[in-house]
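Q: Dropping a prediction and its sequence here:
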Amino acid sequence: MLEVRNLSVNYGQHQALAQVSLTVAPGEIVAILGANGAGKSTLLRAIAGICSGRSSGNVTMALAPILGLSPDRIVEQGIALVPEGRGIFGDLTVRENLMLGAYANRARDQERVNFDRVIGLFPKLAERLSQTARTMSGGEQQMVAIGRAMMSNPRVLMLDEPSLGLSPLLCKDLFRSLSQVQKTGIGILLVEQNAKQSLAIADRGYLLENAHIMHQDSAANLACDPMVQKAYLGVAAPAPAALSSTLPSVPATATDAAAIAAAALAGFAATSRQSTADVPPVPLARPAPSSAPSADALIGMSVADLVARAARQSARPATKTATTQPVSVASHDDRLRAVLNEIENAAAQARSQGQTRRAETTSIRKGY
């Protein structure tokens, strides 16, 4: 229905859009994702005929060219824009705002039908028809703006940042309403800062970066794309596979002492590697021999050695008492706990030594 081919927009020497192409079918929601300044609002304004820049390319509505037409003639072709900031008439009532939307010739015969449809989608407006629009909440004003656009009997509804300034609860209501608008057969071209919500209701999406369409796909695929997740959905990138492959594998259901020790040691080893990776090994003073191994003695050991030591310690046969009865399980766990405490202390000492070493290196480099 709406087809944009090689649309370019220039503001003097600045190119805001470069060879942008997209389509919107009847009853389809298409989301435009992009950072601030990427050209999203310029795209909608150029289609609606209210862009102050110099436009070139081809924009058709139901195969009829519309690029270069006046805004009112573009509305007559079935395209309505809900601009950023709503743009309602604040001193008029809700009813008057809605009726202004039905000014187009294409909407006059359907005024009653469209009015009933808007009230059905936004029941709150039925209670506020005589209320001055500027006295309403932000969410209610957005309902008025969308309702006014729908009163023009559009075939494609374009929305520029409709959730801007709305609370999370009102955002949910808004996107739920847009899904209902879609069911009426109206195509929706949506520019929205809330990428997660827009992709949740959209059928397809385009990525607009630096005035160019960089990628397009189904909304479901875009939502699962790691690049999109990192740039627009606030999802952290997964940990490198190389790091995870070096850690011991411990079954999630393991309950034996050796498996528990392996899991704990893996955490200590990862922390130690991060804190000492850029510091050369520092020889540590050895304490006087004692019956129990010291924390210093554990620092030079590999993770595999530490795990094996904990496993041997936990699997050591229980000593017999004078009555030849085995020591309780609590004593067995105490030995394992002591080993883990030694390992944790060794890791803490290694971190401390690493920090001291880095401070000394920094002082030398600065000439102190």
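A: Nice, I can see it.
Q: In terms of helices and strands, where is S21?
A: strand 14-24 (DSSP states H and E).
Q: Please apply the same query to D173.
A: Using DSSP H and E, D173 falls in helix 168-183.
Q: Could you check the angle whichever helix or strand comes after that helix makes with helix 168-183?
A: With elements assigned by DSSP H and E, the helix or strand that comes after helix 168-183 is strand 187-191. Strand 187-191 runs at 150 degrees relative to helix 168-183, counting by axes from the mean of the first three to the mean of the last three Cα atoms, to 10 degrees.
Q: could you give the mean pLDDT of the very next helix or strand once past strand 187-191?
A: The first helix or strand that comes after strand 187-191 along the chain, using DSSP H and E, is helix 195-201. In this model, helix 195-201 has a mean pLDDT of 91.
Q: which strands and helices sit next to helix 195-201?
A: Contact partners of helix 195-201 among helices and strands, from 3 or more Cβ pairs under 8 Å, 6 or more residues apart in numbering; DSSP states H and E: strand 29-33, helix 168-183, helix 219-224. (Each C-beta comes from the backbone N, C-alpha and C, glycine too.)
Q: in its sheet, what does whatever helix or strand comes next after that helix sit against?
A: Toward the C-terminus, helix 195-201 is succeeded by strand 204-209 as the next helix or strand (DSSP H and E). Paired strands of strand 204-209, with direction, are strand 29-33 (parallel), strand 212-218 (antiparallel) (DSSP bridges).
Q: Of those, flag the one that's most buried.
A: strand 29-33 (a mean of 25; mean count of other Cβ atoms under 10 Å).
Q: N10: what's it in contact with?
A: By Cβ atoms under 8 Å, 6 or more residues apart in numbering, the contact list for N10 reads A16, G53, R54.
Q: buried subset of those residues?
A: Burial by neighbour count, judged by 16 or more other Cβ atoms under 10 Å, picks out A16, G53 from those.
Q: Closest to I213 out of the contacts of N10?
A: For the contacts of N10, the closest approach to I213 (Cβ to Cβ) belongs to A16, at 13.3 Å.
Q: picking up where we left off before, now render the strands paired with strand 204-209 as TSV, adding mean pLDDT and distance to M61.
A: Shown next, in TSV, are the strands paired with strand 204-209 (pLDDT from 0 to 100; distance: least, Cβ to Cβ, whole Å):
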stretch	mean pLDDT	distance to M61
strand 29-33	96	14
strand 212-218	94	19
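Q: could I get those as a markdown table with distance to T135?
A: As requested, those are arranged in a markdown table below (distance: least, Cβ to Cβ, whole Å):
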| stretch | distance to T135 |
| --- | --- |
| strand 29-33 | 31 |
| strand 212-218 | 41 |
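Q: Between these, which one is closest to K196.
A: strand 29-33 (10.5 Å).
Q: Show residues contacting the closest one.
A: So strand 29-33 is contacted by 22-24, 40, 43, 178-179, 182, 187-192, 195, 198-199, 201-208, 219, 222, 228, 232 (Cβ under 8 Å, 6+ apart).
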